[in-house]
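J.: Please find the sequence and the predicted model below.
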Amino acid sequence: MDPLAHLVDSSLRKLDGHAFDPRTRFGDGRLVRLRRGFYMPTEVWLEASASDRFRAAAIAHALANPNTVFCGETALFLNGIPVVKVPLSIDVAVRSTTRLGLRPNTFDVRGDSDLARRARRVAPPPVRRHRHDDQHTTFTGLATGRFARAITVADGVLRRSGRESLLELPEITSAISRLPHKKHRQRAEVIASLTRAGSESAGESVSRALMHLFGFPEPILQREHRDAQGFVGRTDFAWDVAPEPVGEFDGWGKYFRRELTGGEDPREIIRREKRRENRLLALGHPVLRWDWSELEQPALLRAKLIEGGLRPTARKPGLADKFT
């Protein structure tokens, strides 16, 4: 969804010869108010994904406050860099020390229709104001964020760069060197050294971060497999240790989100995945699959990897463990 295509700016009504006033439709529940002066059709709001609703609310905030500087995970998200989940607040950087922290949510829905009642249950997150001396706030997540979140962000930055390592990028090493605390610089360097461009989604990055923390062997990412019939496919994860299992993170979007499926019937996609899995099994590779439910309960992922034949090794606690 393109949020701008559906955003209604009430300031434009004065320029409209038909005297359209969004406040009438807001009053009877046909529009939701994202913030004073900016609305969106209630039906569109409900049909939008959580990501699109967040983006719409952030855009409305920026249009109402032209000097807005987004920071933290909000800045990453709006710049297309993967984050583990939709941010819990719309983070903005300010130079002032007044009115920091969470601000009252400006979202409002009027009326008593079924649509209006449902829309009230999916309010966007509130705005959170952070004190920053400058606008270079993106890299603080590498230094202070939880390990899995930091790895996810760093993997996304690396993928976009086209480089093999984040530490090859002068802007990254410069940003790390400017972090004020030695501990933060060390943490950021650890994260940067552990990034891999082969992690192609947030789920894959979180999976790899948990594997590292549990002490499993580092997987080979996006390995290609072939059999007598030819190309079988690439797997998200593979290991050269017996019994040579392969791992697949199942983000359900690839089956049901139109922008990822191209409109193809999900049943055909699932059938194709099953045929691919059977060919991998015939090659002797145990196929391990997991989704967000296992990542949200990491012990389940650990048990699945052990069941698939992998063995974690004892590790000395390191800097990475301080992110968990």
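T.: Now that the structure is in, tell me what you want to look at. Numbering: from 1, shown residues only.
J.: Can you find which helix in this protein contains the most residues?
T.: The helix of greatest length in the chain, counted in residues with DSSP state H as the criterion, is given as helix 266-282.
J.: elements contacting the next helix or strand after that one?
T.: Reading on from helix 266-282 to the C-terminus, the next helix or strand found by DSSP states H and E is strand 287-290. If you count contacts as 3 or more Cβ pairs under 8 Å, 6 or more residues apart in numbering; DSSP states H and E, strand 287-290 packs onto strand 246-249, helix 266-282, helix 298-307. The way it works is simple: take the backbone N, C-alpha and C, and place the C-beta from them, glycine included.
J.: Now mean pLDDT, mean neighbour count and distance to Asp2 too, for these, in CSV please.
T.: Converted to CSV, those look like this (pLDDT from 0 to 100; neighbours: other Cβ atoms under 10 Å; distance: least, Cβ to Cβ, whole Å):
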stretch, mean pLDDT, mean neighbour count, distance to Asp2
strand 246-249, 96, 24, 28
helix 266-282, 90, 13, 24
helix 298-307, 95, 16, 36
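J.: could those go into a markdown table alongside distance to Ser10?
T.: Compiled in a markdown table, the helices and strands packed on strand 287-290 are given as follows (distance: least, Cβ to Cβ, whole Å):
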| stretch | distance to Ser10 |
| --- | --- |
| strand 246-249 | 43 |
| helix 266-282 | 40 |
| helix 298-307 | 47 |
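J.: Which of these sits closest to Gly230?
T.: Among the helices and strands packed on strand 287-290, helix 266-282 comes nearest to Gly230, with 10.0 Å by Cβ to Cβ.
J.: Alpha carbons of the closest one, in CSV - could you do that?
T.: Written as CSV, here are the backbone C-alpha positions of helix 266-282 (Å, rounded to 0.1, in the frame of the first residue of the first chain):
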residue,chain,number,x,y,z
PRO,A,266,-0.7,-20.3,-2.4
ARG,A,267,-1.6,-23.9,-2.9
GLU,A,268,0.6,-24.2,-5.9
ILE,A,269,3.4,-22.5,-4.1
ILE,A,270,3.1,-25.0,-1.2
ARG,A,271,3.0,-27.9,-3.6
ARG,A,272,6.2,-26.7,-5.3
GLU,A,273,7.9,-26.3,-1.9
LYS,A,274,6.9,-29.9,-1.0
ARG,A,275,8.4,-31.3,-4.2
ARG,A,276,11.6,-29.3,-3.5
GLU,A,277,11.7,-30.7,0.0
ASN,A,278,11.3,-34.2,-1.2
ARG,A,279,14.3,-33.8,-3.6
LEU,A,280,16.4,-32.4,-0.8
LEU,A,281,15.5,-35.4,1.4
ALA,A,282,16.4,-37.8,-1.5
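J.: Do a quick rundown of the strands in this structure.
T.: In the chain, strands defined by DSSP state E lie at 8-9, 31-35, 38-41, 90-94, 101-102, 127-131, 220-227, 230-238, 246-249, 287-290, listed in chain order.
J.: If I look at Arg55, what pLDDT would I see?
T.: Here, the pLDDT recorded for Arg55 equals 93.
J.: Could you report the separation of it from Pro87?
T.: For Arg55, the distance to Pro87 (Cβ to Cβ, to the nearest Å) stands at 11 Å.
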